[in-house]
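Novice: following is a predicted model, sequence given first.
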Amino acid sequence: MNGRLPAVWHDGKTSRSRPVLLHVWVDQLHIDAEDGECVAVSLASARLQPRLGRTERIIRLADGGRLRLADAPELERWFPYSGRIEALAHRLERRWSMVALAAVLFVGLLVGLHRWALPAMAESVAERLPRIAEQAGASQVMSLLDRAAFSPSNLPEPRQAQLRAAFAELVAELPRAADYRLEFRDGGDLGANALALPDGRIVMTDALVERAESDDWLIAVLAHEAGHHEQRHGMRLALQNTALLVVIGFVTGDVSSVASVATAAMTLVESGYSRQFERDADAFALDLLQRNGISPQAFADALRAMQAGLPEDDSSSAFRYFSTHPAIQERIETAERAAQASTQGAASKAD
Amino acid sequence: MDMAIASNDRSAQSAPSVPVPAVTRHPIEFSASAGEYFRIWIVNVMLSVVTLGIYSAWATVRTRRYFYANTRLDGEPFEYLAEPLQILKGRLIAIILLGSYLLLNQFAPMWSLAVLVLIALLTPWLVYSALRFRARYSSWRGLRFRFTGTLGQAVSRFLGLPLLIIPSLGLAYPWIKGLQHEYVATGHRFGGKRFEFTRNGGQYYAIYIAGAGIIIGAVIGSAIVMGARAISPEVGTIGTVLGMTLIYAGYLIGFVYIAVRLANLFWVSLVIDEHRFESNLRARDLTWIYFSNTVAIIVSLGLLIPWAVVRSARYRASRMALLAAGSLDAFVAEAGAEQSATGAEIGDAFDFEFDAGL
């Protein structure tokens, strides 16, 4: 009633853009064009777009027309019920304290998800998953590997049986003892390696068996792989990475121009997770070895032999190895500390 | 401001020389600010978290409205018209599909192939409905864009023709890319005016050959460094790092180069009623922007995302312009008159945007 607001009117049918003056009189929005044309529409039929930063306000008319104008206090009186959800968003955006709080919560949320929530969630889901979930995935991975990377083992059958027996003795007391199966393959380019599949299958390459100077080294490596299975690392890593992808996608969402960030962040966080699992499996292995009367030194020696074997390979595989296992020196030292502690412990017991 | 059409853009040279009246260059004006968008973005993210993702549909609408409203041509802002509920509906379906793919991919890699095949079969329909949705809910000067390309054509260009890529050893790919551009461009209308596209198949080949050249050059360079390392051990770790850097840089620059040249080619090949477009994006600028954005975002734990987004949008806008042949007012008036004759399209049951928002 009071002020007249200058606006630009598009009628939605023609593209004329006409300067107009707006005012409200008895629930009618009056649009007075400079050329003399006057239109009145009921306020209830028009809709005011919610505020957004410092952008102009837009009133959409029922006939497809629209009015564009600078923000003014009158508008909230004329259209008291427009876009309540977005009005709340705008109130939050306008207050620096809220924005700062949101930023702190955002960083806290990311760190919390990364450090605790995702790992805890993955762990509790992995424990509840039925065996069949582990078996289905593992069989498929195994048949893919057999086709792409592995060929049948050349180790003599008695040697395989001997190692299987030693492994069975090692894991006999573990809660998931019934799951284990040790298999041998010619790993080709994979070199000296061992891997655990989620269903308890452990695959060891011929090269690893041939390179080992004592069977204790192999038992130490198997103890490490058993650690992966006992603690369900395969499943947990799969769950964690899936959830992580969703989180990162959610944060960078809607933004194709920063798509490269998602990949880089995924790589960084994922390798962090796998490093953590390697450390956990190491700790498990050292403990298991000691309980079976094998010195953790065997594990340190095996690691050192693998480390020494590496730089001679082509450098791209060395790079990949170091990105998931960068702390190999640290792992060797941890194992040797454990070995020293156990010999001292044994010595003091003997006293 | 009068000027010759895109004087310094190599890819514009093929533009047919139509007798042009005075050409007016209308730059794209971009006024979004990183600080303002930061507030919008952080509130969007936190409200989406609190509502377990439901609010993300409102967040999308708010983000798009903000960027549209801050992008002006000839003094008039663009406007984004879609409603959050339309976004939400498509997003739920997209999330279910994507989630099943992700889970299968981790737990049963072979079954996830089935979902991939399903997504591949759906691609033409996804492209088609996304183009229609985006066009219908975008407007300028009160007139909506529309997309009138057919689903049948989408099937042939996004599913049928791509089957030729493997038997042709990839040689058909640049040609198909040109046809896909043509489909996207010629399907669009502004008011009653249709966009036309002067496709030059040879230029698509030139772009992919040059892009492949960059990548192959980097691979060869890296192979030389690695070779030197094998012969003389003192090159050592530095040689390895240099070789790996070369490969990664080569891939990044090669892919950005292809994307940039394709975008430029698309825009300069576009004609609407004798008006043309100028697009001078440069691969070296965007490589730097992408690289520095990635580093800034990771170091800031994501807080610099809004800055990065505004920065790349501002760069893109600064490199684009409409080259209007004659009066823009007269053109827009005609476009409006022809639209009211054909009548605006009505949305159907599939009037939603299929987009996971991820």
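Specialist: Yep, that arrived. Numbers count the residues shown, from 1 in each chain, chains lettered A, B, ... in the order given.
Novice: give me the distance between the two termini of stretch A:51-63.
Specialist: Start-to-end span of stretch A:51-63 (C-alpha to C-alpha, to the nearest Å) is 22 Å.
Novice: please state the offset of the top helix by length along chain B from the chain centre?
Specialist: Identified as the longest helix of chain B according to DSSP state H is helix B:236-268. Its chain's average C-alpha position is 18 Å from that of helix B:236-268, according to C-alpha atoms, centre = their mean, to the nearest Å.
Novice: residue B:94 and chain A: what is the separation?
Specialist: Going from residue B:94 to chain A by C-beta to the nearest C-beta, to the nearest Å gives 11 Å. Where you see a C-beta, it was placed from the backbone N, CA and C, and this is true even at glycine.
Novice: need the three-state assignment for that residue.
Specialist: helix (DSSP: H, G, I helix; E, B strand; the rest coil).
Novice: now stretch B:196-211, how far from the centre of its chain.
Specialist: Chain-centre distance of stretch B:196-211: 17 Å, with C-alpha atoms, centre = their mean.
Novice: rounded mean pLDDT for the helix or strand hosting residue A:167, please.
Specialist: Using DSSP states H and E, residue A:167 sits in helix A:157-171. Per-residue pLDDT over helix A:157-171 has a mean of 91.
Novice: tell me what residue 30 is bridged to.
Specialist: No chain in the question, so chain A it is. Listed by DSSP bridges, the beta-bridge partners for residue A:30 are residue A:23, residue A:40.
Novice: correction: the question concerned chain B.
Specialist: In this entry, residue B:30 is beta-bridged to residue B:71, by DSSP bridges.
Novice: now do the contacts for it.
Specialist: Contacts for residue B:30 were tallied using C-beta atoms under 8 Å, 6 or more residues apart in numbering or on different chains; they are B:70-72, B:313-314, B:317-318.
Novice: now list the buried members of the residues you listed.
Specialist: B:70-72, B:313-314, B:317 (16 or more other C-beta atoms under 10 Å in any protein chain shown).
Novice: going by residue numbers, what spans are strands in the chain?
Specialist: Let's take chain A. A:5-10, A:18-25, A:28-33, A:38-42, A:47-48, A:57-60, A:66-69, A:151-152, A:181-186, A:194-196, A:201-205 (DSSP state E).
Novice: you answered for a different chain; I wanted chain B.
Specialist: Under DSSP E, chain B gives strands at B:23-30, B:71-73, B:76-80, B:138-140, B:143-147, B:188-190, B:193-194, B:196-197, B:270-272, B:275-279, B:320-325.
Novice: between the ones you listed, which one is nearest to residue B:214?
Specialist: Evaluated with C-beta to C-beta, the strands of chain B place strand B:275-279 nearest to residue B:214, the distance being 20.3 Å.
Novice: pull up the pairing partners for that closest one, direction included.
Specialist: Note on strand B:275-279: by DSSP bridges, its sheet partners are strand B:270-272 (antiparallel), strand B:320-325 (antiparallel).
Novice: kindly calculate the angle that that strand makes with strand B:23-30.
Specialist: Angular relation of strand B:275-279 and strand B:23-30 on a 0 to 180 degree scale: 50 degrees, by axes from the mean of the first three to the mean of the last three C-alpha atoms, to 10 degrees.
Novice: strand B:275-279 - what's its average pLDDT?
Specialist: 92.
Novice: could you find the closest non-adjacent residue to residue 247?
Specialist: By default, I'm working from chain A. residue A:113 (5.8 Å; C-beta to C-beta, 6 or more residues apart in numbering or on different chains).
Novice: to clarify, I was referring to chain B.
Specialist: Going by C-beta to C-beta, 6+ apart, residue B:247 has residue B:222 as its nearest residue, at 4.7 Å.
Novice: show me the contacts for the residue of chain B found nearest chain A.
Specialist: Closest to chain A within chain B is residue B:142: 2.5 Å, counting by C-beta to the nearest C-beta. The contact partners of residue B:142, taken as C-beta under 8 Å, 6+ apart, are A:10-12, A:15, A:17, A:65-66, B:336.
Novice: give me the low-pLDDT residue ranges for chain B?
Specialist: Scanning chain B for pLDDT under 70 picks out the ranges B:1-21, B:106-107, B:109, B:229-237, B:334-358.
Novice: with chain A instead?
Specialist: For chain A, the ranges with pLDDT under 70 are A:1-2, A:82, A:252-260, A:308-327, A:345-351.
Novice: could the contacts of residue B:30 be laid out in JSON lines, adding distance to residue A:23?
Specialist: As requested, these are exported to JSON lines (distance: C-beta to C-beta, whole Å):
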{"residue": "B:70", "distance to residue A:23": "28"}
{"residue": "B:71", "distance to residue A:23": "30"}
{"residue": "B:72", "distance to residue A:23": "27"}
{"residue": "B:313", "distance to residue A:23": "37"}
{"residue": "B:314", "distance to residue A:23": "38"}
{"residue": "B:317", "distance to residue A:23": "36"}
{"residue": "B:318", "distance to residue A:23": "40"}
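Novice: residue contacts, residue A:53?
Specialist: A:93, B:36-37, B:39-40, B:66.
Novice: just checking, the residue nearest to residue B:247 touches residue B:250?
Specialist: Yes: counting by C-beta atoms under 8 Å, residue B:222 does reach residue B:250; the two are 7.5 Å apart.
Novice: neighbour-wise, which of the two wins?
Specialist: Taking neighbours as other C-beta atoms under 10 Å in any protein chain shown, residue B:222 and residue B:250 compare with residue B:222 leading, 22 against 19.
Novice: what sits against the more buried one?
Specialist: Neighbours of residue B:222 in contact, by C-beta under 8 Å, 6+ apart: B:243-244, B:246-247, B:250.
Novice: which of these has the most neighbours?
Specialist: Counting by other C-beta under 10 Å, top hit in the contacts of residue B:222: residue B:243 with 24 neighbours.
Novice: how far does stretch B:301-320 sit from the chain's center?
Specialist: 14 Å.
Novice: ignore the last one, stretch B:266-285
Specialist: With C-alpha atoms, centre = their mean, you get 13 Å for stretch B:266-285.
Novice: and stretch B:126-133, by the same measure?
Specialist: Computed by C-alpha atoms, centre = their mean, the chain-centroid distance of stretch B:126-133 equals 14 Å.
Novice: if we can go back for a sec, dig out what the residue nearest to the residue of chain B closest to chain A when sequence neighbours are not counted forms beta bridges with.
Specialist: In this structure, residue B:142 finds its nearest non-sequential neighbour in residue A:10, 2.5 Å apart by C-beta to C-beta, 6+ apart. Residue A:10 forms beta bridges with residue A:66, as assigned by DSSP bridges.
Novice: now the longest helix belonging to chain A: buried residues?
Specialist: Using DSSP H to define each element, chain A has its longest helix at helix A:259-291. Neighbour-count burial for helix A:259-291, with 16+ other C-beta under 10 Å as criterion, is recorded at A:260-262, A:265, A:269-270, A:273-275, A:277-278, A:280-286, A:288-290.
Novice: just confirm yes or no for that helix near chain B.
Specialist: Yes: looking at helix A:259-291 against chain B by C-beta under 8 Å from any C-beta of the partner chain, the contacts come from A:260-261, A:264-265, A:268.
Novice: tell me which two in the residues you listed are the farthest apart.
Specialist: A:260 and A:268 (12.7 Å).
Novice: correct me, but residue B:297 touches residue B:304?
Specialist: Yes: here residue B:297 reaches residue B:304: they are 5.3 Å apart, a contact under C-beta under 8 Å.
Novice: so for these two, which sits in the more crowded spot?
Specialist: Regarding residue B:297 and residue B:304, a neighbour count based on other C-beta under 10 Å identifies residue B:297 as having more, with 26 against 20.
Novice: give me the neighbour count for the residue of the stretch 151-300 of chain A found nearest chain B.
Specialist: Closest to chain B within the stretch 151-300 of chain A is residue A:249: 3.2 Å, counting by C-beta to the nearest C-beta. Close neighbours of residue A:249, defined as other C-beta under 10 Å, add up to 18.
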